[in-house]
Structure formats: C-alpha cells, structure tokens
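J.: Pasting the sequence and the predicted model now:
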Amino acid sequence: MATATVSGKGWVVIPQEIRKRYGLKKGDKVHIVDYGGVVALVPASRDPIAEGHGMLKGGPSLTKGLLEDRRWELEQEERDLPPPEPEP
C-alpha cells in the first residue's frame, strides 16, 4: 500500500507507482470522493463524451419493456373495475 503525507498547505503527492498504474500525468484532474470515512482519489475522465460513446448501443431498451409491463398491468386493473354508473 502506497502512503503519502499531507503538507501544511494540504498538498498530497501521489506516489509514482500509482501515477503509472492509472496513467496520471502532470495537469490531469482527479475527483476527491468521501465514502463515509474513506477518502478516494478517482481519475477524472479526459473526454467523458468519447469514453461514453457507444455505451448504450445495441442493447434492448429497458424503458420499452417497462412501459409494456405497465400498460399490461393497467389493462388488468381496468378489466377488474366495475362498469361506470350512468349519470342521472
């Protein structure tokens, strides 16, 4: 496990082995995340649009299936309702 020391200004040097493992270079950004008592440094995406491109491609639409299920449930509920009473 790599260890670093926090300076008086709050600076932390990320050890070289960790920088190499995650490809961190001068000027790269990292997110500092608090996981309820655990602090983590997470490399920020250099180009989030390019990294996310195609992520949802080709798979079935979960929304379409969910809407079909809800439509079927509604039809079942309406089928079990008594007919509306005529207005006086």
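T.: Thanks, I have it. Just so you know, these numbers come straight off a predicted model, no measurement behind them.
J.: average pLDDT across the helix or strand encompassing E78?
T.: If you go by DSSP states H and E, E78 is part of helix 62-80. For helix 62-80, mean pLDDT rounds to 87.
J.: May I have that helix exported as CSV, CA atoms only?
T.: Extracted C-alpha coordinates of helix 62-80, given in CSV (Å, rounded to 0.1, in the frame of the first residue of the first chain):
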residue,chain,number,x,y,z
LEU,A,62,-35.4,-1.3,-20.7
THR,A,63,-37.8,1.6,-20.9
LYS,A,64,-39.8,0.0,-23.7
GLY,A,65,-40.2,-3.2,-21.7
LEU,A,66,-41.1,-1.3,-18.6
LEU,A,67,-43.8,0.7,-20.5
GLU,A,68,-45.2,-2.5,-22.0
ASP,A,69,-45.4,-4.1,-18.5
ARG,A,70,-47.1,-1.0,-17.1
ARG,A,71,-49.6,-1.0,-20.0
TRP,A,72,-50.5,-4.6,-19.4
GLU,A,73,-50.9,-4.0,-15.6
LEU,A,74,-53.2,-1.1,-16.3
GLU,A,75,-55.3,-3.2,-18.7
GLN,A,76,-55.7,-5.9,-16.0
GLU,A,77,-56.7,-3.3,-13.3
GLU,A,78,-59.2,-1.7,-15.6
ARG,A,79,-60.7,-5.1,-16.6
ASP,A,80,-61.4,-5.8,-12.9
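J.: what's the helix or strand for the nearest residue to A40 once chain neighbours are set aside?
T.: Leaving aside its chain neighbours, A40 sits nearest to V33 (4.7 Å; criterion: CB to CB, 6 or more residues apart in numbering). For glycine as for every other residue, the C-beta is placed from the backbone atoms N, C-alpha and C. V33 is part of strand 30-34 when elements are defined by DSSP H and E.
J.: ok, and what's touching that strand?
T.: With CB atoms under 8 Å, 6 or more residues apart in numbering as the test, strand 30-34 has contacts from I14, L24, V39, A40, L41, V42, P43, A44.
J.: Go again with 7 Å.
T.: V39, A40, L41, V42, P43, A44 (CB atoms under 7 Å, 6 or more residues apart in numbering).
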